[in-house]
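K.L.:
All I have is the shape, not the residue letters:
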């Protein structure tokens, strides 16, 4: 029997919640969405939570809310699902890619500091990226058609990759020093903790989550924007619903104050999300137990390692990366060998700068190394311990012939 890479935990409780909402007759932007927002905000410790249609929508609205606009640049990582970069372009801005840590998967504060210091200049209250000519060569870059000065550094977008918290303290310090807003791409990170506090209590201006089926909890698809700033929450709520300003007792009609689009979450999805949120602690605990078993099975293996959690972090292990850097293991051969044994794995996290819309400009050796010297192992809530042992035995058989 094939071992899948991932499987969401969905059951009768979610089906019953969805059915009850359907039969209620109110399936869009109603009380279930409002309750999901309240419970989610309470869970992570944020003042506000705004539910939207996807994690990508959450990023677009969050970036827009902190002031990212046409002709700007945003400092972020290439080592992330391409939605991180695409959300920046959706705001009319261009990503400036920062490399990741040499022994991790998240943005490298040292490289971020280097770019801020060596490739940016201060003019009054604004910081400007000096290498915009290179970015303007990209065929799809919004900088090609922007009017007026281009290259204002508008924000930092830091990713908690695979639910592993990035160095929040270092990112926050650099953002403060430069007077920049920063957004947490916490798409994978619900249930993770940093310094004893849940990811999602915004350390930056805003944090964004995804409820895609590959994430820790799912609503089929969907996202959440959390913030402690009322102005950001108000703006995101307006933009998720065509810019609508609700009617008041003194007006007959709602008004539409700006051009915006439909990024709403349905009540059916929110009803499922409420059940999933109630399962979160158990989901995370089960995943952590399985990662511990993987570690025990791989102890002493000279070819493969699971990096330790960063100091002060408790990871939800949304994905389980297995590193084999410097061992001579061929990623493609390993993936095909495991597939032949009925074990589904994936390559390491993609690099946006390796894709056509963003390629040809960047050299990010750590990001590229981690992409090609990592695979993602099967991990989900009911993965059998015997299946973990099957995976690790298959890994041992493979390296016996390296």
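P.N.:
Ah, there it is. Just so it is clear, the model here is predicted, and its values are computed rather than measured.
K.L.:
what residues go with each domain of this structure?
P.N.:
Domain ranges of the chain: 12-273, 280-399, per automatic domain parsing.
K.L.:
Which of these sits closest to residue 1?
P.N.:
domain 280-399 (6.6 Å; C-beta to C-beta). C-betas here are computed from N, CA, C, even on glycine.
K.L.:
got the end-to-end distance for that closest one?
P.N.:
End-to-end distance for domain 280-399: 36 Å, by C-alpha to C-alpha, to the nearest Å.
K.L.:
likewise stretch 196-205?
P.N.:
Per C-alpha to C-alpha, stretch 196-205 runs 20 Å from first to last residue.
K.L.:
With stretch 168-186 instead?
P.N.:
12 Å.
K.L.:
what does that stretch contact?
P.N.:
59, 62-63, 66-67, 76, 80, 84, 107, 109, 112-113, 116, 125, 127, 153-160, 194-195, 199-200, 202-209 (C-beta atoms under 8 Å, 6 or more residues apart in numbering).
K.L.:
rerun at 6 Å
P.N.:
By C-beta atoms under 6 Å, 6 or more residues apart in numbering, the residues outside stretch 168-186 that reach it are 62, 66, 84, 109, 112-113, 116, 127, 155-160, 194, 199-200, 203-209.
K.L.:
Check stretch 50-68 too.
P.N.:
Identification of contacts with stretch 50-68 by C-beta under 6 Å, 6+ apart yields 33, 36-37, 74, 83, 87, 90-91, 93, 154-155, 181, 183, 187, 205-206, 208, 210, 221, 223-225, 232-233, 235-237, 239-240, 263, 265.
K.L.:
Let's see which of those residues end up in strands.
P.N.:
Assigned to strands by DSSP state E, the following of those qualify: 74, 154, 155, 183, 206, 208, 210, 223, 224, 225.
K.L.:
Can I get those residues in CSV including pLDDT and neighbour count?
P.N.:
Shown next, in CSV, are those (pLDDT from 0 to 100; neighbours: other C-beta atoms under 10 Å):
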residue, pLDDT, neighbour count
74, 98, 27
154, 98, 24
155, 98, 26
183, 98, 30
206, 97, 29
208, 98, 33
210, 98, 30
223, 98, 28
224, 98, 28
225, 98, 32
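K.L.:
Okay, residue 248 and residue 254: tell me how far apart.
P.N.:
Remark: distance between residue 248 and residue 254 (C-beta to C-beta, to the nearest Å) = 9 Å.
K.L.:
Hmm, I typed the wrong one, I wanted residue 125.
P.N.:
Residue 125 is 36 Å from residue 254, where distance means C-beta to C-beta.
K.L.:
And for residue 163?
P.N.:
39 Å.
K.L.:
Quick check: phi and psi on the residue lying farthest from the centre of the chain?
P.N.:
Using C-alpha atoms, centre = their mean, the residue of the chain lying farthest from its centre is residue 250. It sits 42.0 Å away. With angles defined as degrees, to the nearest 10, residue 250 sits at phi -100, psi 0.
K.L.:
There's contact between residue 161 and residue 107 in this structure, I believe.
P.N.:
No - look at residue 161 against residue 107 with C-beta atoms under 6 Å: they stay out of range, at 8.6 Å.
K.L.:
So which of these two has more stuff around it?
P.N.:
For residue 161 versus residue 107, neighbours defined as other C-beta atoms under 10 Å are more numerous around residue 107 (30 against 27).
K.L.:
ok, now which ones touch that one?
P.N.:
Residue 107 makes contact with 77, 98, 158, 166 under the criterion C-beta under 6 Å, 6+ apart.
K.L.:
mind running it again at 10 Å?
P.N.:
Residue 107 makes contact with 75-77, 79-80, 97-101, 156-161, 166-167, 170-171, 185, 367, according to C-beta atoms under 10 Å, 6 or more residues apart in numbering.
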